[in-house]
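*Asks:* Sequence first, predicted model second:
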Amino acid sequence: MTGTPGAAATRDSETPQRSPPCSPSYDLTGKNKVVTVDGVRVKLQIWDTAGQERFRSVTHAYYRDAQALLLLYDITNKSSFDNIRAWLTEIHEYAQRDVVIMLLGNKADVSSGRVIRSEDGETLAREYGVPFMETSAKTGMNVELAFLAIAKELKHRAGQRADEPSFQIRDYVESQKKRPSCCSFL
Ligand SMILES: Nc1nc2c(ncn2[C@@H]2O[C@H](COP(=O)(O)OP(=O)(O)OP(=O)(O)O)[C@@H](O)[C@H]2O)c(=O)[nH]1
């Protein structure tokens with residue numbers, strides 16, 4: 001699912017989900033997940049396109065009604081990064097207008113073999129106005145944060161009062177995210 005809408009999250013839905021094809025230590029996709037935000041339990045239902053990105057008509061069905069999309073690329077795989085632009089264009093066309101999008105550069109634990117710098121991810125994310133962080137499904141780095149940030153945003157939208165300041169997901173992610181250690185930079 002790298003370079004694809006790796007996870008599409010909807011809140012509290014009854015639709016069955018797919019399982020991921022592998023089992024890294026921390027799952028970025030494939031399960032229902034309950035995240036507690038300010039004492040409120042937010043249930044995220046997560047769908048993984050699981051390699052079906054070749055079949056665009058199938059993936060449309062995955063993300064058409066999603067409230068949030070996690071776009072993953074692999075920092076050791078340039079084509080997965082290059083695909084992100086095409087996915088953002090697709091999403092613009094087919095997803096909900098107010099869908100929450102997050103860009104994730106996965107495999108941040110890998111110290112040799114990195115071909116995409118953190119700055120490249122940051123620049124792309126800034127261009128599209130979406131939050132960005134690097135993650136590792138192996139060590140768990142920023143995985144919980146990705147889901148928590150999405151849950152906070154969705155909860156905020158659902159219950160926002162007119163007098164409340166809006167939740168800024170990009171600021172929140174920037175303030176909370178962990179950076180990979182020095183040695184994994186190019
Ligand atoms: N080191 C490291 N390996 C990872 C990480 N995430 C996934 N992998 C490994 O990368 C390989 C591919 O993982 P997948 O989750 O199958 O990749 P994918 O892009 O989702 O594949 P499809 O869903 O089939 O498109 C597996 O061997 C995983 O264990 C990570 O964060 N760090």
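*Replies:* All right, it came through fine.

*Asks:* low-confidence ranges in this structure?
*Replies:* Scanning the chain for pLDDT under 70 picks out 1-31, 49-58, 182-186.

*Asks:* who's the most centrally placed residue in the chain bridged to?
*Replies:* By Cα atoms, centre = their mean, the chain has its centre lying nearest to L70, at 2.2 Å. In this entry, L70 is beta-bridged to A7, M102, by DSSP bridges.

*Asks:* Pretty sure it sits against I150.
*Replies:* Yes: counting by Cβ atoms under 8 Å, I150 is a contact partner of L70 at 7.5 Å. In this view, the C-beta of every residue, glycine as well, is placed from N, C-alpha and C.

*Asks:* what about the residue nearest to the centre of the chain, distance to S111?
*Replies:* Note on L70: its distance to S111, by Cβ to Cβ, to the nearest Å, is 24 Å.

*Asks:* Next: G121.
*Replies:* Distance, G121 to S111, using Cβ to Cβ: 17 Å.

*Asks:* Give me the more crowded residue out of these two.
*Replies:* G121 (21 against 12; other Cβ atoms under 10 Å).

*Asks:* any idea whether that one is helix, strand or coil?
*Replies:* Three-state call for G121 (DSSP: H, G, I helix; E, B strand; the rest coil): helix.

*Asks:* For it, which non-adjacent residue is spatially closest?
*Replies:* Nearest residue to G121, sequence neighbours excluded (Cβ to Cβ, 6 or more residues apart in numbering): G105, at 4.4 Å.

*Asks:* by contact count, what packs against whichever helix or strand the one you found is part of?
*Replies:* Following DSSP states H and E, one finds G105 within strand 100-106. Judged by 3 or more Cβ pairs under 8 Å, 6 or more residues apart in numbering; DSSP states H and E, strand 100-106 is in contact with strand 68-74, helix 78-94, helix 118-128, strand 132-134, helix 143-159, helix 169-176.

*Asks:* Let me know which of those is tucked in deepest.
*Replies:* strand 68-74 (a mean of 26; mean count of other Cβ atoms under 10 Å).

*Asks:* now that strand against helix 169-176, angle please.
*Replies:* 50 degrees (axes from the mean of the first three to the mean of the last three Cα atoms, to 10 degrees).

*Asks:* Which strands or helices does strand 68-74 pack on?
*Replies:* strand 4-11, helix 78-94, strand 100-106, helix 143-159.
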